[in-house]
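Peer 1: Below are the sequence and a predicted model for it; my questions follow.
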Amino acid sequence: MPANRLINETSPYLLGHAHNPVDWYPWGEEALLRARNENKPVLVSIGYSACHWCHVMERESFEDIQTAELMNSRFVCIKVDREERPDLDHIYMDAVQAMTGSGGWPLNVFLTPDGKPFFGGTYYPPRPAFNRPSWVQLLTSIAEAYQAKRQEIEDQGESLTSYIVRANDFGLENRRDPGEEGFNPFRKEILGTIVAQIMKTADKRKGGFGSAPKFPQTFLIQYLLHHYHFTGDESSLNQACLSLDRMIQGGIYDQLGGGFARYATDDNWLIPHFEKMLYDNALLVTVISEAYQLTHKEEYKRVVEETMDFVSRELLSPDGGFYAALDADSEGEEGKYYLWDKSELERLLKEEAALFCSYFNVTAEGNWEGRNILYRPMALKEFAESQNRELKEVEEKLARCRATLLEHRNRRVHPALDDKILLGWNALMIAACCKAYAALGKEAYRDLAVRNLEFLWNHFRGEGIYYFYHTYKDKRASHPGFLDDYAFLVYALIQLQEVTGNSEYLTRAKEITEWVIVQFGEEETGYFFFTHRDQRDVIVRKKEMFDGAVASGNAVMSFNILLLGEIFDVPAWKSRAESNCRMLARSVIQYPLSFGFWATMVQVITYGLMEIVMTGENLHEVRKVFLHNFIPNRVFQSATGQNSQFPLLKDKPLTESTLIFLCKDYSCQNPVNEVHELVALIGNVYN
């Protein structure tokens, strides 16, 4: 099949459609101009490389010549990789959810030639099914309606666009400070109310929140861990750990190769949606590292190590960037790479097969479509006791079995790799590397973060030192960076400074933040738009407030300016961050499942930021001991030499022995020499 216009793109998802008989365009003025000139509606089909149902619809419809002829004759067809253009995905997902009450991918939206949505949905089958018309039936009815009911369609497009614009005014209606009504959200009892709201949806038996499908919800778990740290509330710790434990034992976790799948389709975390995304693994490494700091549970250490091994083995490019994802499918089948027949395991593991199959609950019948997803119904210690075996013996045998099976699995056809490198997701992985280093002390993790940051710095910058691109592939950076990219990058720089002591990272973070405030900031509210002010190819500049698969860019950017305002003594930044949080507080309190990162920020503001400074010519080992401790509400700087650039480091004495200062509002207590002494001082703050 001859190639269409997507052949010149770099996105693996778009390139995968380059030989469809559909005359696909990438998003751009060329396609919209053709639609205006030919007076045709626009079909925008949005998906991503690791999306199973995107591949299904492609095979069923977009590779079918007759279906393609209908699409080509009646529509101008545009394919979008949602990971390359999340701005378009946000806008048109809002429209489809407003029309249908639900969304997902593939996202198929019909637009007027000026880009306004008038109808949309997700997956459509090749024949009527699932109470849905066939794709051809839908195309025919849309094309006929566009000719016969043009004014109605134009009105629908105007109405939906107006809805998106109104929904985007989030914050404007809340400009009046709720404090004027006597409402102060930064109170400890408010934090308990947030916990109570979270617990209403908590699955206290199987872990997680809500019913199937179950997503990791790392921001809620993180909030509960922090709440336990501050209050000693065992129920918060128990729910957080139960959720992590069930995920780790379930099929959502790759029991052989490490790393987590996107989500589970069932209540028991058994059946994953098999794609593995960089951002999920970054967020889970972060929260499991914190859980390890709090509990010192060896299981969490093991999973952090295995997940870091997975990311380094399968998602790390030779030059230091992290790839985006692994597909759910291989050889055209969802999950085939990860599934096992019992007879196959018996052949490979021989006399140790019985033990392995018992531990991972492998049966001849299988637990998913006749085959087995590996999962662990019980903890290893409990299993060893049930087998009347020594724990160490069982550990060693299972380790040998896993190594054998992993070696065999590596010879299978691998899931496709989405090898584009995304700025924001890489920044999340930098932060995860820093958290893993802090928790486990493995210098390789810190070094990996440093290497990745330099890769991003060298390959993602455009014209102007703080103009960054969003994506990189085939030695080409493209698409202007979005708010998430900048917010996550600044956060990563702050984390890198903590684990390295290199203050240059803070200087970069501050200068990028100043640029973001100008390019993305909304003066009326103090919030930030998702796209920069010079981007013209979207019908509305959205402000994303809710957490999705990753944290809200507004929440992370607000948290950044809170931290940097403290570090650089910029009162206006601290005030802006608190105002942003305050204006959303009622929504955060009522709906923490949608505002998990904001909720954690409410926590930090309520308890206050501590300022911790470490100086000394040989502080490296002491810094490592300090980082191992879980102290979430603080800024931390360390220096081996004199540094007058930063308020917290200015005039601090420098001696051969390490000095640790606990400060508040730049006023410091007498220094101590040992981390345990610092921890005692911090304990006195709360007692």
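Peer 2: Great, that's in hand.

Peer 1: Would you map out the domains in the protein?
Peer 2: 5-167, 336-414, 610-686 (automatic domain parsing).

Peer 1: centre of the chain versus the last one, how much separation?
Peer 2: Taking the mean C-alpha point of domain 610-686 and that of its whole chain, the gap between them comes to 31 Å (C-alpha atoms, centre = their mean, to the nearest Å).

Peer 1: Show the average pLDDT along that domain.
Peer 2: When pLDDT is averaged along domain 610-686, the result is 93.

Peer 1: The second one too?
Peer 2: Throughout domain 336-414, pLDDT has a mean value of 96.

Peer 1: Which positions within stretch 580-598 qualify as buried?
Peer 2: 580-585, 587-589, 592-598 (16 or more other C-beta atoms under 10 Å). Every C-beta, even on glycine, is put in place using the N, C-alpha and C of the backbone.

Peer 1: Any stretches of the stretch 51-200 of the chain with poor pLDDT?
Peer 2: 170-182 (pLDDT under 70).

Peer 1: can you pull out the helices in it?
Peer 2: 52-57, 65-74, 86-100, 135-148, 150-167, 188-201 (DSSP state H, counting those that start in this stretch).

Peer 1: can you redo the ones you listed as CSV with mean neighbour count and distance to C401?
Peer 2: What follows is the helices of the stretch 51-200 of the chain, written out as CSV (neighbours: other C-beta atoms under 10 Å; distance: least, C-beta to C-beta, whole Å):
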stretch, mean neighbour count, distance to C401
helix 52-57, 20, 29
helix 65-74, 16, 47
helix 86-100, 21, 41
helix 135-148, 16, 45
helix 150-167, 15, 52
helix 188-201, 16, 37
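
Peer 1: Out of these, which gets nearest to R533?
Peer 2: helix 86-100 (13.2 Å; C-beta to C-beta).

Peer 1: one step back: narrow the buried residues of stretch 580-598 to those in strands?
Peer 2: In strands, judged by DSSP state E, none of the buried residues of stretch 580-598 are found.

Peer 1: Send me the helix or strand encompassing V285 as CSV with only the CA atoms.
Peer 2: Using DSSP states H and E, V285 falls within helix 278-295. C-alpha atoms of helix 278-295 as CSV (Å, rounded to 0.1, in the frame of the first residue of the first chain):
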residue,chain,number,x,y,z
LEU,A,278,7.1,5.3,31.5
TYR,A,279,5.1,7.8,33.6
ASP,A,280,3.3,5.0,35.5
ASN,A,281,6.5,3.4,36.5
ALA,A,282,8.1,6.7,37.4
LEU,A,283,5.2,7.6,39.7
LEU,A,284,5.1,4.1,41.3
VAL,A,285,8.9,4.1,41.9
THR,A,286,8.4,7.5,43.6
VAL,A,287,5.6,6.4,45.9
ILE,A,288,7.0,2.9,46.7
SER,A,289,10.4,4.6,47.6
GLU,A,290,8.5,6.8,50.1
ALA,A,291,6.7,3.7,51.4
TYR,A,292,10.1,2.0,51.9
GLN,A,293,11.4,5.1,53.8
LEU,A,294,8.4,4.9,56.1
THR,A,295,8.2,1.2,56.7
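
Peer 1: returning to what we had before: relative to T531, which of the helices of the stretch 51-200 of the chain is closest?
Peer 2: helix 86-100 (5.2 Å).

Peer 1: Need the pLDDT of the residue nearest the centre of the chain.
Peer 2: In the chain, the C-alpha nearest the mean C-alpha coordinate belongs to V550, at 3.3 Å (C-alpha atoms, centre = their mean). Looking at V550, its pLDDT is 96.

Peer 1: would it count as being in a strand?
Peer 2: No. Counting by DSSP: H, G, I helix; E, B strand; the rest coil, V550 falls outside a strand, being coil.

Peer 1: Quick check: S594 touching F546?
Peer 2: Yes. Counting by C-beta atoms under 8 Å, S594 does reach F546; the two are 4.8 Å apart.

Peer 1: ok so, going back, who touches the nearest residue to the residue nearest to the centre of the chain once chain neighbours are set aside in this structure?
Peer 2: Using C-beta to C-beta, 6 or more residues apart in numbering and skipping the chain neighbours, the partner closest in space to V550 is Y279 (5.3 Å). For Y279, the contacting residues are G424, W425, L428, A549, V550, by C-beta atoms under 8 Å, 6 or more residues apart in numbering.
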